[in-house]
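Chemist: Build me a model from this:
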Amino acid sequence: MDIPPVIHKTASDLRVRPHWTDYEGARKQDVWGEARRALQGLPGGGLNIGFEAVDRHAQGRRRAHCALRFVARDADALELSYGELAPLSNRFANVLQQLGIGKGDRLFVLPAWPKAWNVAFKLHAPRNTVVAGEVRNGKVVSLTVTPKSRTVDVVNMLGSP
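Modeler: Numbers count the residues shown, from 1 in each chain. Next up is the predicted model:
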């Protein structure tokens, strides 16, 4: 089997200028520190991804910006602003609490999600639990549970991860 030759290119050979031109300089940056400083944090301390992803925007200048766009094949697109999404996610968390979901109870996510629908989601659950993830082409490509100790209580009905 013949191995094709390596093609060497410079930035001037490219049609589109690369976004990342200084690799060594980028490696020296404190990107995690920068990301942490961009987060607002909870009043009184602590960090909650649900607050960072939705609530802080709903309380600020991005309140009217689109937070969620749901597009279906056979229906009109639905858009929710941060201001509209925040009370809905809180409402769902309250429903779970009113149903008596508590310590030791399991939380089943995505039990009947259509395979053709891609989505990134954030679910506020009882006991300061947030389940966030993404479904693409019928498969869960990411699933994060905060705090990590609640991971054992979450059952992903679509399978891994």
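
Chemist: Where in the protein is the helix or strand with the lowest mean pLDDT?
Modeler: Each helix and strand of the chain was given a mean pLDDT (mean pLDDT, DSSP states H and E); the minimum falls on helix 49-50 at a mean of 76.

Chemist: Mind giving me the packing neighbours of whichever helix or strand comes after that helix?
Modeler: Scanning forward in sequence from helix 49-50 by DSSP states H and E, the next helix or strand is helix 56-58. Identification of packing neighbours for helix 56-58 by 3 or more C-beta pairs under 8 Å, 6 or more residues apart in numbering; DSSP states H and E yields helix 82-98. C-beta: built from backbone N, CA, C; applies to glycine.

Chemist: Show me what the helix it packs on is in contact with.
Modeler: Outside helix 82-98, the residues within contact range by C-beta atoms under 8 Å, 6 or more residues apart in numbering are 50, 54-55, 57-59, 62-65, 67-68, 80, 107, 122-126.

Chemist: let's go with 10 Å and repeat that
Modeler: For helix 82-98, contacts defined as C-beta atoms under 10 Å, 6 or more residues apart in numbering pick out 50-51, 53-68, 79-80, 101-102, 105, 107, 121-130.
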